[in-house]
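Engineer: give me coordinates for this.
(2 chains)
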Amino acid sequence: MRNLIFFIYKYYVFFLFLILEIVSFVFIYRFNHYQKASFVNYTVGVTSAFYTAVSNTQEYFYLRSINDSLQMENARLRTELFSSYYNNKFNLTQVNDTLYRQQYEYIAAQVVNNSVTKRNNYITLNKGRLHGIEPEMGVISENGIVGIVMNASNHYCTVLSLLNNNCKISAKILKNGAFGSLVWDGMDPKFAYLRDVNKHVPLMTNDVIVTSNFSTIFPEGIPIGKIYAHSLDAGDNFHKIKVELNTNFSTVSTVYVIRNLFKQEQQGIEATINQK
Amino acid sequence: MILDFLTYLLKLIGLLLVQLLVVNNIELSGYINPFVYVAFLLSLPVSVKPWQMVLISFLTGAIMDSFSSTPGLHMAACNAMGFLRIYYLRATTNKEDQEGRMIPSISQKGIVWFTVYGFSMIFIHHLVLFFLEIYGFHEFFTTLLRVLLSTLVSLLLIVIGQLLFFRSAKTNG
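Structural biologist: All right, here's what the predicted structure looks like:
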């Protein structure tokens, strides 16, 4: 026993190192496997305040481009307004419409922290639980998809950027409906890769890629990008497709978080499959 | 003693600000993510006690982690680097250095010594960091290349910083 204590005393630095290293590995393991990442929830309050201050300053430099993109979007939305259509009806009747129920709600948010050069990139937004944001909600910009909400504190949320090793998004080719999964290889933030598209599917460059109807996170048909290049190796069953992303991740600043009002219902009915 | 503590605290805050506000925003390529805040750990005096060194590096990593929402990554990397630094310095400095107020820097040990020291320490840090970030050994050689290139760029930035900082310190004092 005395020898043991002496041994520990002699190498106490090594044991201290070992304990701290184990602590950090526990953090990493929990973060990678549970996605709960309680650590981030504790620190996000402090660090987000810092990043908000930084982003408030930086925003001044981008005001012009933000204005431009908002103006463009306003113009587009205005054209879709009811008042910009010619009304062909003679008499209007009020109907409680049971055929069309709202399924998706959009919550506007500002990016307060973002990165594009790391292998795993994350984005922080200035809206949180109090604004109705919960984990596993989709995030889009005015041009295309951005990522998936990972954690939410009261006033902030962290988003798993599309530019991340752990982010896989179900996508399809608009013209023929062939679907695959979209992943990022860690190199260029302008391009991602569409995997698992069968070799029989005919492809053209500039074909539009949109979100598929298989996920409860994104509505169907949100634009992602277009095919930049594609190839098929001999003996390979799947196309190699390089996708040019619509969203410019290095300048993205205004985003919308998507809340699917029917998500619980869909997941509830799907869960009964596994019970049988 | 208090003055020393404050100087190092300011140095840490300064380096973290440089890392978070400037270096993190530089988009060189997917292969190059320099981390210059490790210069703080590199420049701690040799006389720091081993257990203090291990704890300080762990805490530095924890601060960095909370700002980059990557729990554990920087902790593990800094901790490994801080631990190995103890043995590296024990092997490459003499008794006089260890008892005096020697600081591992270019002005005290020369540029060659510092480059070798900096390269080995930063390499360890980046190796642990990038492989834990990818969380596995797929993309092995790509990650190794990222480690090497990022190490070189970090080292270059830190050496430039040291040259600027210590030149001005000498002419002023």
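Engineer: can you give me the strands in the stretch 101-250 of chain A?
Structural biologist: For the stretch 101-250 of chain A, the strands defined by DSSP state E, counting those that start in this stretch cover A:104-114, A:122-125, A:138-141, A:145-152, A:157-161, A:169-173, A:179-183, A:191-195, A:208-211, A:223-231, A:240-245.
Engineer: just give the nearest non-adjacent residue to the residue of chain B found nearest chain A, would you?
Structural biologist: Of all residues in chain B, B:Gly72 sits closest to chain A, at 3.1 Å by CB to the nearest CB. All C-beta atoms are positioned from the backbone trio N, CA, C, and that covers glycine. Spatial nearest neighbour of B:Gly72, chain neighbours left out: A:Phe27 (3.1 Å); criterion: CB to CB, 6 or more residues apart in numbering or on different chains.
Engineer: for the one you found, report the pLDDT, please.
Structural biologist: For A:Phe27, the pLDDT comes out at 85.
Engineer: so it sits in a helix?
Structural biologist: Yes: assignment of A:Phe27 by DSSP: H, G, I helix; E, B strand; the rest coil places it within a helix.
Engineer: what residue ranges in the chain score low on pLDDT?
Structural biologist: You didn't say which chain, so I picked chain A. A:33-45, A:79, A:81-102, A:276 (pLDDT under 70).
Engineer: wait, I meant chain B there
Structural biologist: Residues of chain B that meet the cut-off, pLDDT under 70, sit at B:1, B:166-173.
Engineer: center of it, which residue is that?
Structural biologist: B:Val38 (2.2 Å; CA atoms, centre = their mean).
Engineer: could you double-check that that one lies in contact with B:Ser120?
Structural biologist: No: the pair B:Val38 / B:Ser120 is not scored as a contact, 12.0 Å apart, by CB atoms under 8 Å.
Engineer: if we can go back for a sec, how many neighbours does the residue of chain B closest to chain A have?
Structural biologist: 25 (other CB atoms under 10 Å in any protein chain shown).
Engineer: kindly list the main-chain dihedrals of it?
Structural biologist: Backbone geometry at B:Gly72, expressed as degrees, to the nearest 10, gives phi 90, psi -30.
Engineer: ok, it - contacts?
Structural biologist: When contacts are counted by CB atoms under 8 Å, 6 or more residues apart in numbering or on different chains, B:Gly72 is found next to A:Val23, A:Ser24, A:Phe25, A:Val26, A:Phe27, A:Ile28, A:Tyr29, A:Phe31, A:Phe39, B:Asp65, B:Leu132.
Engineer: how close does the residue nearest to B:Gly72 sit to A:Thr47?
Structural biologist: 15 Å (CB to CB, to the nearest Å).
Engineer: what does B:Leu44 give?
Structural biologist: B:Leu44 sits 24 Å away from A:Thr47, going by CB to CB.
Engineer: also A:Ala234?
Structural biologist: 50 Å.
Engineer: comparing those two, which residue is more hemmed in?
Structural biologist: Using other CB under 10 Å as the criterion, A:Ala234 and A:Thr47 rank with A:Thr47 on top: 21 against 4.
Engineer: looking at it, that one is touching B:Met64, isn't it?
Structural biologist: No: between A:Thr47 and B:Met64 there is no contact under CB under 8 Å: 10.5 Å.
Engineer: burial count for B:Val128?
Structural biologist: Close neighbours of B:Val128, defined as other CB under 10 Å, add up to 21.
Engineer: wait, what's in contact with it?
Structural biologist: Counting by CB under 8 Å, 6+ apart, B:Val128 touches B:Ala76, B:Ala77, B:Ala80, B:Met81.
Engineer: so what's the second one up against?
Structural biologist: What it means is B:Ala77. Each residue near B:Ala77 by CB under 8 Å, 6+ apart is listed here: B:Gly61, B:Ile124, B:His125, B:His126, B:Val128, B:Leu129, B:Leu132.
Engineer: phi, psi of it?
Structural biologist: phi -70, psi -50.
Engineer: and the gap between it and B:Met64?
Structural biologist: 9 Å.
Engineer: show me what from the stretch 151-276 of chain A comes close to chain B.
Structural biologist: A:Thr158, A:Asn165, A:Gly186, A:Met187, A:Asp188, A:Pro189, A:Ser250 (CB under 8 Å from any CB of the partner chain).
Engineer: can you put the contacts of B:Val128 in a markdown table and add secondary structure?
Structural biologist: Shown next, in a markdown table, are the contacts of B:Val128 (three-state DSSP):
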| residue | secondary structure |
| --- | --- |
| B:Ala76 | helix |
| B:Ala77 | helix |
| B:Ala80 | helix |
| B:Met81 | helix |
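Engineer: for those residues, which one is nearest A:Glu105?
Structural biologist: Closest approach to A:Glu105 among those (CB to CB): B:Ala76, at 39.9 Å.
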